[in-house]
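**Q** Need coordinates for the following:
(one chain, ligands or ions: 1)
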Amino acid sequence: MSTEVLQRLSTITLSTKHLRRLPHLSDFLPFSLPSPSPTVTASHVPSLFREPYILSGYRPVQQDWRCYLLSLFQKHNESLNVWTHLLAGPVLLLRWWANVDTLGYTLDTASLPLLLFLVSSLTYLYLSVAAHLLQSHSERAHYFFFFLDYVGVAVYQYGCSLGHYFYASEPAWRECVGVMFLPGAAFFGWLSCTGCCYAKFRYRRPYPPQRKVCQLIPTGLAYVLDISPIAHRLLTVSWSQEPSLPFHALQIACFLLSAVFFSCPIPERFFPGHCDFAGQGHQIFHMLLSLCTLSQLEALFQDYAQRRDTVVELFGEWQLWWACVSFPVLLVCCILTALIPMKHMSKALQSKDE
Ligand SMILES: [Zn+2]
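**A** Here you go, the predicted structure:
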């Protein structure tokens, strides 16, 4: 028995040796790729990059940009923040194509809000990936990519509002809020981007509670308005008649739970140094937000399939086109707003360097 075990062990050792001798991908490339430096502890990076209760796994600053791109395959304390949103994109697209097959989709005026919801979701997911993957390069890069991340959040909020308004609202709700909803959603989307950028620009680590207030109040107000057609529908319509309502309920539950993990550094607060790679509250926040987006896609597709024939008749082509054109306008406004604190921050960092 023991001889057999020893023989198997030696086979595994030999296989490992052979694997090491196999050519690497870099051997076939016509150029050489830099290798990312090993990760370091919190005391070896500037305080801007240190996260509460995360003691190690930091990527050193000022490496070649390619090292941060390649750190996608390195084990560090941002790995799962990157991968959670990176993988959510293909899953979202797969669900989109599955729904196109089963429920049908035609690119026309009635379907534009649904397409913009998908675009807004991919925008926030991939701006978040860029922020978590590349922010460690320098303080300037950290601010630049996180300001862009906030632009993504604002655009996503507006993308959700379009879907909720055109496919999921009830006549009684439209009589109350009606035409003010989309301008209000655009304004609060922009305000949440502004609040998050201001908080990032204004406060330094260790962050005071006011920072979260600046982030959460405008984002919370935007959410209350954006979700109001869904909340009204969930409270007034029988769930058994509408296949989308359980998915809408799930998207609200996921979002509210994600807000808890975004606001509080749990569970790492109770296990400092033990969640440096996996188990951080921010990773749980990313997963719940991705699940929220997937539930929204399922719900909005069901609503779209049920109401697509009446959308143009109900809202009019002009309102649909106006709403869709306002989407890139909001994107440009948010980018311009984010550039203001970025410009001030660049100046401050430049004078600090000199
Ligand atoms: Zn994040």
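
**Q** Now do the buried residues in the helix or strand harbouring Ser346.
**A** Per DSSP states H and E: Ser346 is located in helix 317-353. Judged by neighbour count (16 or more other C-beta atoms under 10 Å), helix 317-353 contains these buried residues: 319-320, 323-324, 326-327, 330-331, 333-335, 337-338, 341-342, 345. Using the backbone N, CA and C atoms, a C-beta is placed for each residue, glycine as well.

**Q** repeat for stretch 110-126
**A** Within stretch 110-126, the residues scored as buried using 16+ other C-beta under 10 Å are 110-118, 120-125.

**Q** now, which of these lie within helices?
**A** 112-118, 120-125 (DSSP state H).

**Q** And those, which is closest to Asn77?
**A** Leu125 (19.9 Å; C-beta to C-beta).

**Q** Which residue is the nearest non-sequential neighbour of that closest one?
**A** Spatial nearest neighbour of Leu125, chain neighbours left out: His85 (4.6 Å); criterion: C-beta to C-beta, 6 or more residues apart in numbering.

**Q** Show the average pLDDT along the helix or strand hosting the one you found.
**A** If you go by DSSP H and E, His85 is part of helix 79-103. Averaging pLDDT along helix 79-103 yields 97.

**Q** which parts of it are buried?
**A** 79-86, 88-89, 92, 95-96, 99.

**Q** Please apply the same query to stretch 259-277.
**A** So for stretch 259-277, counting by 16+ other C-beta under 10 Å, buried means Ala259, Phe261, Phe262, Pro265, Ile266, Glu268, Cys275, Asp276, Phe277.

**Q** which residues touch the residue sitting nearest the centre point of the chain?
**A** Centroid-nearest residue in the chain: Leu125, 3.9 Å away (criterion: C-alpha atoms, centre = their mean). Neighbouring residues of Leu125 by C-beta atoms under 8 Å, 6 or more residues apart in numbering: His85, Leu86, Ala88, Gly89, Leu92, Gly152, Ser290, Thr293.

**Q** What of Gln74?
**A** Contacts of Gln74 (C-beta under 8 Å, 6+ apart): Pro36, Thr39, Arg59.

**Q** now the last one, nearest residue through space, not along the chain?
**A** Meaning Arg59. Ser136 (4.4 Å).

**Q** Next, count neighbours for Thr236.
**A** Thr236 has 10 neighbouring residues, counting by other C-beta atoms under 10 Å.

**Q** what are the phi and psi angles of the nearest residue to it once chain neighbours are set aside?
**A** In this structure, Thr236 finds its nearest non-sequential neighbour in Glu170, 6.4 Å apart by C-beta to C-beta, 6+ apart. Torsion angles at Glu170 (phi, psi; degrees, to the nearest 10) stand at phi -100, psi 150.

**Q** Give me the residues contacting stretch 204-221.
**A** 47-48, 50, 52, 153, 157, 188, 191-192, 194-196, 198-199, 202-203, 259, 263.

**Q** Cross those against helices and list the overlap.
**A** 153, 157, 188, 191-192, 194-196, 198-199, 202, 259, 263.

**Q** my guess is Tyr143 meets Arg202, correct?
**A** No. Using C-beta atoms under 8 Å, Tyr143 is not in contact with Arg202, being 12.0 Å away.

**Q** neighbour count winner among these two?
**A** Legend: neighbour count by other C-beta under 10 Å for Tyr143 and Arg202, higher for Tyr143 (23 against 12).

**Q** pLDDT score assigned to the closest residue in space to Tyr105 that isn't next to it in sequence?
**A** Leaving aside its chain neighbours, Tyr105 sits nearest to Ser111 (6.1 Å; criterion: C-beta to C-beta, 6+ apart). Here, the pLDDT recorded for Ser111 equals 96.

**Q** Then Gln241?
**A** Taking Gln241 on its own, its pLDDT is 84.
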